[in-house]
Each structure stands twice: as structure tokens, then as C-alpha cells.
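Novice: Need a 3D model of the sequence below.
(one chain, ligands or ions: 1)
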Amino acid sequence: MIPPRKTRTIRIRDLAVGGSAPIAVQSMAATRTRDEVATLKQVRLLEAAGADVIRIAVDSKEDVEALARIRGETRAVLSVDLQENYRLAAQVAPFVDKVRYNPGHLHHHEKTKPVEDKVAFLIDVAAQHGCAVRIGINAGSIAPAYDERFPDDHVSAIVACAVDHCAIVDRLGFANYLVSIKDSDPRLVIDANARFAAERPDVPIHLGVTEAGMPPEGIIKTRIAFEQLLSRGIGDTLRVSLTLPFDDKGKEIAVGRELLRDIEEGRFRSVPPNFFDGLNIISCPSCSRVENEQFIELAEDVKRLTRYAQEHKLTIAIMGCRVNGPGETDDADLGLWCGPNFVNLKKGELELGAFRYDEILPRLVQELDALIAARRD
Ligand code: SF4
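Specialist: Predicted coordinates:
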């Protein structure tokens with residue numbers, strides 16, 4: 001049921017991805033990278049679960065130093081996630097097999113430098129160290145220039161960004177790359193990836209529904225996107241992103257493999273009735289940037305406490321850090337993003353304040369009740 005794919009084959013160290021290679025299953029360490037003991041434990045846990053590639057986020061010199069030591073302890077295929085600080089690529093590339101950059105974050109540093117020059121820097125570093133590259137687009141953080149070009153068509157903006165970055169990398173003569181286009185809404189993931197695959201059928205695709213949330217809803221959202229795309233021959237590697245306790249992260253790999261098996265054998269699941277019409281909780285899978293480990297518990301508490309509002313078509317977003325938290329909560333009716341000691345609460349783009357971890361839940365319920373009451377009026 002998974003038709004042959006048309007993409008070229010790239011190599012992440014000795015792992016072939018794309019073309020006729022098996023679809024690779026990935027995950028990401030949810031621990032702070034600088035805590036190398038916890039992160040190495042996480043790498044081993046994901047490896048034991050059968051991860052083909054393990055991603056680690058790096059934000060600082062301490063993270064780079066820890067990653068260098070982690071590399072010395074494992075032969076796992078490692079990918080590094082760069083966000084704001086693209087120049088860290090030069091320091092981490094010697095220790096990893098793949099570098100992921102987010103085009104939407106390249107304009108944050110050295111604002112006057114053309115994006116093309118920043119990409120050239122990244123590609124040069126990757127080529128020197130034999131790394132593959134992922135152009136990792138997140139629908140929640142695309143460069144403002146694309147939204148200005150396509151003010152009423154977010155999917156076109158995202159696809160144009162992906163196609164443009166492929167063209168930049170092509171012009172640099174580098175072919176060992178793939179693309180991902182992720183969002184928390186599986187319908188957008190299907191639409192954007194299908195349109196990108198039609199424009200660039202040669203480029204391997206990494207699939208994912210980001211911030212899918214907690215099981216079982218997070219798995220259902222992921223399944224909706226993967227069934228639609230993989231059965232059309234779109235997708236060469238995948239990651240299931242779930243909000244889970246650190247010790248349970250192997251479940252992302254198990255779910256990814258189960259989904260692949262089901263789709264291959266034609267076992268498709270029907271979407272529960274009204275799945276998109278009720279309360280939607282999106283939450284990030286956590287990574288090195290998570291600012292307080294209470295985040296997982298917070299996400300679980302929010303889900304439990306808001307069950308009474310299940311019938312209401314509202315979105316609550318819960319994010320683990322200040323890097324992606326402020327932007328990724330803008331589209332939610334209520335958004336929470338974690339700082340070390342406080343949780344920031346938002347209503348749409350409006351900031352309602354920062355609350356202690358033991359204060360936030362009653363305040364959230366108060367805001368949720370007010371939203372529900374306003375809709376009744
Ligand atoms: S929101 Fe922050 S902590 Fe959560 S996965 Fe994204 S970068 Fe990591």
C-alpha cells in the first residue's frame with residue numbers, strides 16, 4: 001500500500017533515505033543537552049526502541065561541549081537541531097551526521113546579512129563534515145517575507161519557502177538534503193507536503209505532525225497525515241512527536257513503526273466522529289530547550305482539567321520554552337508557554353501575564369470558562 005517513491009536517495013552517514021530505501025523512523029532527545037548523562041540515557045533509550053536517527057537540539061556552547069562528549073559514547077546516527085543560532089553549526093557538525101535548520105529562524109541573527117549567505121555558510125559546514133541537511137520548515141514560524149507575499153494563503157507561503165530554499169541549496173551544488181514541512185494540524189501537513197512533493201518530486205521528505213500533543217489524540221492526528229501522504233508515495237523518513245514523560249519517549253518510535261506497518265498492510269483507521277470539532281489540545285514533545293521539567297505534568301494536568309470543555313471548538317496550546325512558545329501559541333484560543341519559574345498565559349496574541357506553576361491551572365480554567373460563556377452570548 002506504500003507506492004514506490006520518486007525521490008533521490010540521500011545518505012545520513014551510512015543510512016540511506018529516499019528512493020527505494022526503507023522509510024526511516026526518527027525521534028528526538030527531550031532532555032537538556034547540557035545534561036549529558038540524561039541525554040545519553042535518552043539516546044540509548046531511543047536507539048533500543050529502534051530509532052534510525054536521533055535528533056538533539058543545541059543552543060549554547062555548553063550544549064556543544066556536551067554533544068561532543070555524547071558523540072564519544074554512542075554510534076547512533078545523530079542529527080542536530082539548530083534554531084536561532086545558525087552559526088553553531090560550525091562547532092557541532094564534527095559530532096553529528098545531519099544538520100537541521102529552520103528557514104524561519106535565519107532572519108533572527110545578523111539581520112542585514114542575506115539569507116542566501118547564511119544558507120551558504122550552513123551548506124559549506126555540512127559539506128566539509130559529510131553531514132546531510134534538513135531544511136525544516138515549521139508552519140508556525142515561517143519568515144515574514146513569505147506571509148507578506150501570500151497574505152491570505154498560508155500554505156502557498158510555506159510551500160514557496162520550501163521550494164526557494166531547495167533552489168538556494170541546489171545552486172550551491174549540494175544534493176544531500178531533504179525537506180520537512182510540519183504543523184500541528186494534520187490537514188495542513190497533508191496539503192503542504194502534497195503540494196511540495198508535486199513541485200519537487202526529487203527531494204526526499206521528512207514527515208511529521210509537530211506538537212501533536214498527548215496520546216491518543218496526538219497519535220490520531222499523526223495517523224491522519226501519515227496515512228494520506230505515505231499511501232500517495234510521499235514521505236521518506238518520519239517522526240511521531242508526542243508529549244510523553246522522558247522515560248517513555250521510545251513510544252514515538254514504536255508508534256511510528258506501527259503506523260508504517262499498518263499503512264503498508266492497508267489497515268487504515270477511521271477518524272473519530274467530530275474529531276476536528278471539539279477541544280483541540282496541542283503540546284510540544286519537549287526538547288533540550290524545555291525550561292522546566294514540570295512541563296509534561298502541566299500538559300497532562302491541562303488535558304485532565306479541561307475535559308469538561310471537550311465539546312467546544314477551541315484550541316489550547318502548551319509549549320515548553322521561550323524559543324517557540326510565544327510564536328507557536330499565537331493561533332490558539334488560549335496558549336501557555338513555560339519559563340523556568342512561571343508559565344506565560346495568552347489569549348490569542350494577547351498576553352495575560354506570567355503565573356507560578358501552582359497558580360496557572362485555576363487561571364486557565366477561569367479564562368476557558370469566560371471564552372465558553374462569551375460564545376453562548
Ligand atoms: S516548544 Fe520549545 S521545548 Fe518544546 S519542542 Fe519546541 S523548542 Fe523544544
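Novice: Could you pull up phi and psi at the closest residue to the ligand within the stretch 101-250 of the chain?
Specialist: Nearest residue of the stretch 101-250 of the chain to the ligand, counting by Cβ to the nearest ligand atom: residue 211, 7.3 Å away. For every residue, glycine as well, the C-beta is placed using N, CA and C. Backbone torsions of residue 211, given as degrees, to the nearest 10, read phi 50, psi 40.
Novice: can you pull the pLDDT of it?
Specialist: Per-residue confidence at residue 211 stands at 94 (pLDDT).
Novice: I figured it hits residue 184, correct?
Specialist: Yes: with contacts counted by Cβ atoms under 8 Å, residue 211 reaches residue 184, the gap being 4.2 Å.
Novice: okay, and the common contacts of these two?
Specialist: 282, 317 (Cβ atoms under 8 Å, 6 or more residues apart in numbering).
Novice: Point out the residues in the stretch 201-350 of the chain that sit beside the ligand.
Specialist: For the stretch 201-350 of the chain, the residues in contact with the ligand under the definition Cβ under 6 Å from any ligand atom are 284, 285, 286, 287, 289, 290, 319, 320, 321, 323, 324, 325.
Novice: thinking the third one is in contact with residue 295, fair?
Specialist: Same thing as residue 286. Yes: if you go by Cβ under 8 Å, residue 286 and residue 295 touch, sitting 6.0 Å apart.
Novice: Overlap of the contact sets of the two?
Specialist: With Cβ under 8 Å, 6+ apart as the test, residue 286 and residue 295 both reach residue 320.
Novice: what are the ranges of the strands in the stretch 1-150 of the chain?
Specialist: 10-12, 15-17, 24-28, 53-57, 78-81, 98-101, 132-138 (DSSP state E, counting those that start in this stretch).
Novice: From the residues of the stretch 201-350 of the chain next to the ligand, which land in strands?
Specialist: residue 319 (DSSP state E).
Novice: From the ligand, how far out is residue 12?
Specialist: The spacing between residue 12 and the ligand, counted by Cβ to the nearest ligand atom, to the nearest Å, is 21 Å.
Novice: which residues touch that residue?
Specialist: With Cβ under 8 Å, 6+ apart, residue 12 has these contacts: 24, 53, 77, 79, 97, 98, 132.
Novice: switch the cut-off to 10 Å
Specialist: Under the criterion of Cβ atoms under 10 Å, 6 or more residues apart in numbering, the neighbours of residue 12 are 24, 26, 52-53, 77-79, 96-98, 130-134, 176, 178, 237.
Novice: Look at it and report its pLDDT.
Specialist: pLDDT at residue 12 comes out at 98.
Novice: I'd like the distance between it and residue 77.
Specialist: 6 Å (Cβ to Cβ, to the nearest Å).
Novice: so what sits against both of the two?
Specialist: The contact sets of residue 12 and residue 77 overlap at 24, 26, 52, 53, 96, 97, 98, 132 (Cβ under 10 Å, 6+ apart).
Novice: what sits against residue 55?
Specialist: Counting by Cβ under 10 Å, 6+ apart, residue 55 has contacts 26-29, 46, 77-81, 96, 98, 100, 134, 136, 239, 287-288.
Novice: Does the closest residue to residue 4 other than its chain neighbours belong to a helix, a strand or coil?
Specialist: Nearest non-adjacent residue to residue 4, counting by Cβ to Cβ, 6 or more residues apart in numbering: residue 233, 6.4 Å away. Secondary structure, DSSP: H, G, I helix; E, B strand; the rest coil: residue 233 is coil.
Novice: Would you check that residue 233 makes contact with residue 20?
Specialist: No: the pair residue 233 and residue 20 fails to qualify as a contact (Cβ atoms under 10 Å) at a distance of 11.5 Å.
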